Every structure is written in C-alpha cells, then in structure tokens.
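Novice: next come a sequence and a model predicted from it.
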Amino acid sequence: MMNQNKLPYDKNSRASIVKYAKGLLGKTLRQVLGGNIKQQYSGKGKLGQLVEKLYFQYEPNSDSLPDFPEASLELKTSPLKQIRKGLRSKERLVLNIIDYLQEYKKTFEQSSFWKKNACLLLMFYIHEDGVLDIDLMFRIIRQWDFPPEDLKIIKDDWQKIIDKIKNGKAHELSEGDTLYLAACTKGKNKTSVRSQFGTEILAKQRAFSLKSKYLNFIILDSLGKAETTQEMTPVVKNISDYARQETYEEHVIKKFSPYYGKSVDEIAQIFKIGTVSKGKIYILAAAILGVKGRKIAEFEKADVEMKTIRLEKSGALKESMSFAQIKYKEILDEKWETSYWHSVLTKRFFFVVFQKDGQDVLRLKKVMFWGMPAQDLEITKKFWNDTKRKIEEGDFEHFIKISDNKICHVRPKGRDSSDLMPTASGRMEGKRCYWLNALYIKKIVLQE
DNA sequence: GCATGATCATGC
DNA sequence: GCATGATCATGC
C-alpha cells in the first residue's frame, strides 16, 4: 500500500474522494497523468483498474469490501455511447459476483451486494472503438445513492434472486426475472459455473448488475436532461404508497384489478381518453397506473416490454407475437449473448391480457409480469443459431416454423410480399421477423 | 382449426 | 419512408 499521507485525497471522506475523482471530468487519463504512462492493461473492465491504480494510487482488489472501505464507496467505470438523441449507457453495470453458497443466508442489509454497492462513485466515459483505455474521456463523474423508491424495487429484485438460490434454482436465474437489479452472467459462459445450494446442478456464474436502461436514467439526470426524464412519470411517487410487504409488481397488478372485466372503451371512458386504437393499449395502461403522458418511469428504467394479448372466447390465442425484423446482414456479426433476440427475451415482460366476450367485445382479463425461464432461453438459443446458420448459408426456405414447437419461429413481415431486404450475398429477400408462438404464450397466460 | 403468408395502422 | 405492433386471409 502507498503511504496514505501522500494520497491526493482523504480516503476517509466520500466528499474528498468524489471531488478528487472529478479532476478527470472532461479529460482522459493520459491528459491528466502525462503522456509517458504506458498502457499497462488492455481489454474489458480494465479502465476501472487503471483509474484505481494510476489515478487513485491504490492496488485494485477483489475484496468483498468497497474499493474505498473507510468511506464505504465503490468505484465503477462504465461506457457511454452516442445515439442521435445524445448519450446513453452502452451496457449493464456489472457489480459483485453472487456467491450462491453464502448470499442467501443474509438479509438485504447484510448482503454482499449492499455491503459493497450501497454508495457508488460512478465514472461514465465515452466509448470509442479502437481507442486505448487511457485515451477515453470521462463525461460524468458523480456519487450515486439509490433513491428510496428505486431502492425498494432493488430490494424486491434482490429477494427474488435470493429466493431462487434458496430453492436450489440458481441455474434457472435470468435477467428477465427482475426489474432494476439483475443476475447477469459473468465470465466465459460455458466454463464459468459454480456450485449452488441444495443441488448438485452447477449454475452459471452470475453477478449482480444494474440494467442498462436503469443507468440511462442516472445519465440523463446527471446531464441535466430534465426534459427527457420528465416525459416519464413513476407509478410510485413515494414508498409510503406501498401496502405492507407489497412488491412493486404486486402494487402494479393491484391497480389493474378493479378494471378486470371492463372493455377497452369502458376503461377509456372512465379515464376520459377518447378512443384507444388497437396497438395503443399502453395508453390505457398508463391511465390505469395514474401516469400522465405515455411513459411509465419504472417500466422505462427496468426496460419492461409491454405486450397486448388477445384471447378468443374459448380462451384460445389466435395470434403469435411479433417482434422486430431479422436484419440479414447484422445477425451474421452477432453472438447469441449480445444478439437482438437474446436481448428481447431476457427482458421482463408485462402482458395485458384481453378476452372476447359473447358479443366479441374485448374485455380486460388480467395483467402479469413475466420473464422467460432459463430452460426456455436455451431452446431459443438453438432456434437463433439455426436461423443464423441458414441466413449465412443463404437458405431462406427452411426456417424454423411454428409447427416445429421451438418456442419461437420465423415468419414474413413487411408492407407486402415485395418488401425486400438485401442479404450479405447481395440477393434480395422478403422481410421476416421473430415471433413467439401463440401456444407458448397461451401456456404462460393460463398457468397463473 | 391451425399454419403460414400477407398486410394494415401508426408514429417517428 | 420505414419499422413496429398487431391482425387479416387463405389453404390444407
């Protein structure tokens, strides 16, 4: 360890550490430390180590304690990407690895997650391909304490993860299980497995993480983009809104239940919102949740995918659920874990289920949150690999069909059959998209 | 009745 | 103009 007297900050003081950290704001490590430092590390996750070692002058550790233990402050660097509308999070923020054999024994307050990450020193930098870590510019540097409303949801999330571990189901964890705090895979997927409680089945190594969309909220707040965050209204303005022991999801479902059995028009009348076109059911949902405008803040931050489901009188589900187009060129460069289809299927879903009555009027039947179980995700991985391989080979005739019963399928979707998209070989092919099979959705909706 | 192909409505 | 969410149409 360095002689603490020489440190340019007071390691016992959060304020001092944060203030010193801000010396990097708008700058790169090279600019601040001089041009003669060598790139000592390269690759993923190394910028954080460089900041710790070169700027804060302590040796990086993999302690269960925060990086600045005396000040209970955990340092995290995280990349930003430029999109048309401004800066956004490039990826999830990965926190500490979950010890499946220990974490479940603890309360939230004693948990490894909370001990290490209760207070974060966030350092967002602008990601650039092919640029050395020491040449990346820091754009946002701030202390982050979770607001009480967010912390409530994070506690619910943590509990949900713990419940699975307690039940010997760590191998079934998925990012789609939770809202803000997720159990994301960490390490090389095939080889990084760990033993878990209560069963011999090995589970993928996972770490607590904050979802990328949640970080966006921090980023917009930090950049003073109030106009963007104000478009979003939270369902829960204050944690005192919760009934005792109620989770966020239970709270949301409770708000919908008085409208079960009512038609779309009836609900629209109650909230005086005029005619609601099909495909705009989220307007109804926002109204029911008391959200002015169109964006439900918690759903945005958790990246919840809201979908309408229509059941026939009989309870049958007529239609499969469509998603985005398959980009024939882009998919060739994708890996499963970072692919579009994987990112959709690991989201948390919010299903708004309607059913036709005797007069063919759609009535709200129920709402539910859902995340795809890990076993199913494995099946969709096979589906995706098969689809990618066929696109690679230029075989557009034999995609997996709904009758193959592989949870999802490929089907045309375009303006009409002459709506084409170029393939890597330069040939034009009809546009197609990913679908979730109707039968699969039906099972989910009817199981609860 | 279901699988599959095809297309509509809307908003950015 | 186009992607997306959603639904229609047809034939087996």
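Specialist: Thanks, I have the structure now.

Novice: C-alpha only now, for contacts and for neighbours.
Specialist: Fine.

Novice: list phi and psi for the closest residue in space to A:Val361 that isn't next to it in sequence.
Specialist: What sits nearest to A:Val361 in space, not counting adjacent residues and going by Cα to Cα, 6 or more residues apart in numbering, is A:Ser263, at 6.8 Å. Note on A:Ser263: its backbone torsions stand at phi -80, psi 170 [degrees, to the nearest 10].

Novice: if I pick A:Ser263, what's in contact with it?
Specialist: A:Ser263 makes contact with A:361-364, according to Cα atoms under 8 Å, 6 or more residues apart in numbering.

Novice: can you tell me how far it is from DNA strand B?
Specialist: A:Ser263 sits at a distance of 18 Å from DNA strand B (criterion: Cα to the nearest atom of the strand, to the nearest Å).

Novice: that's a strand at A:Gly23, yeah?
Specialist: No - counting by DSSP: H, G, I helix; E, B strand; the rest coil, A:Gly23 falls outside a strand, being helix.

Novice: ok, it - contacts?
Specialist: Taking Cα under 8 Å, 6+ apart, one finds nothing in contact with A:Gly23.

Novice: what about it, distance to DNA strand C?
Specialist: For A:Gly23, the distance to DNA strand C equals 40 Å [Cα to the nearest atom of the strand].

Novice: any idea how far apart the tips of stretch A:341-350 sit?
Specialist: 17 Å (Cα to Cα, to the nearest Å).

Novice: which positions within that stretch qualify as buried?
Specialist: Buried positions in stretch A:341-350, judged by neighbour count with 16 or more other Cα atoms under 10 Å: A:341-342, A:344-350.

Novice: give me the contacts around it.
Specialist: A:174-179, A:302-307, A:336-337, A:367-372, A:377, A:381, A:384, A:434.

Novice: cutoff 10 Å now
Specialist: For stretch A:341-350, contacts defined as Cα atoms under 10 Å, 6 or more residues apart in numbering pick out A:174-179, A:184, A:211, A:249, A:299, A:302-308, A:323-324, A:326, A:331, A:335-337, A:367-374, A:376-377, A:380-381, A:384, A:434, A:436.

Novice: contact partners for the residue of the stretch 201-350 of chain A found nearest DNA strand B?
Specialist: Closest residue of the stretch 201-350 of chain A to DNA strand B, Cα to the nearest atom of the strand: A:Ser277 (5.4 Å). Neighbour list for A:Ser277: A:264-265, A:283 [criterion: Cα under 10 Å, 6+ apart].

Novice: A:Asn216 too?
Specialist: A:80, A:87-92, A:222, A:229, A:300-301.

Novice: for DNA strand C, what's the nearest residue on the stretch 101-250 of chain A?
Specialist: Counting by Cα to the nearest atom of the strand, the stretch 101-250 of chain A gets nearest to DNA strand C through A:Lys213 (15.6 Å).

Novice: re the thing from before, for the residue of the stretch 201-350 of chain A closest to DNA strand B, helix, strand, or coil?
Specialist: coil.

Novice: now do it, the pLDDT please.
Specialist: On the pLDDT scale, A:Ser277 is placed at 73.

Novice: so how far is DNA strand C from it?
Specialist: 9 Å.

Novice: hang on, the earlier thing: inside helices: which ones of the buried residues of stretch A:341-350?
Specialist: A:341-342, A:344-345 (DSSP state H).

Novice: in CSV, list those along with pLDDT.
Specialist: Output for those, formatted as CSV (pLDDT from 0 to 100):
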residue, pLDDT
A:Trp341, 95
A:His342, 94
A:Val344, 94
A:Leu345, 95
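
Novice: nearest to A:Ser62 among the residues you listed?
Specialist: Checking those against A:Ser62 by Cα to Cα gives A:His342 as the nearest, at 29.6 Å.

Novice: what's the burial count for the closest residue to A:Glu319 other than its chain neighbours?
Specialist: In space, and not counting its chain neighbours, A:Glu319 is closest to A:Ala438: 5.6 Å by Cα to Cα, 6+ apart. Around A:Ala438 there are 18 other residues, counting by other Cα atoms under 10 Å.

Novice: then A:Lys413?
Specialist: Neighbours around A:Lys413, by other Cα under 10 Å: 19.

Novice: do the one 5 residues further on as well
Specialist: For A:Ser418, the neighbour count with other Cα under 10 Å is 11.

Novice: my read: it touches A:Lys431, true?
Specialist: Yes - taking contacts as Cα atoms under 10 Å, A:Ser418 lies within contact range of A:Lys431: 8.7 Å.

Novice: centroid-nearest residue for chain A?
Specialist: Central residue of chain A (Cα atoms, centre = their mean): A:Lys211, 3.9 Å from the mean position.

Novice: report the separation between that residue and A:Phe299.
Specialist: A:Lys211 is 12 Å from A:Phe299, by Cα to Cα.

Novice: shared neighbours, these two?
Specialist: A:179-180.

Novice: let's verify the residue lying closest to A:Ala21 once chain neighbours are set aside: helix, strand, or coil?
Specialist: Take A:Ala21 and drop its neighbours on the chain: the residue closest to it by Cα to Cα, 6+ apart is A:Ile141, 7.0 Å away. What three-state DSSP gives for A:Ile141 is strand.

Novice: show me where the stretch 51-200 of chain A has its helices.
Specialist: For the stretch 51-200 of chain A, helices defined by DSSP state H, counting those that start in this stretch occupy the ranges A:112-117, A:148-166.

Novice: picking that back up, just the contacts of stretch A:341-350: which are in strands?
Specialist: Among the contacts of stretch A:341-350, the members found in strands (DSSP state E) are A:184, A:305-308, A:323-324, A:367-371, A:434, A:436.

Novice: which of those residues ranks first by neighbour count?
Specialist: A:Cys184 (25 neighbours).

Novice: partner residues bridging that residue?
Specialist: As for beta bridges, A:Cys184 partners with A:Ala207 under DSSP bridges.
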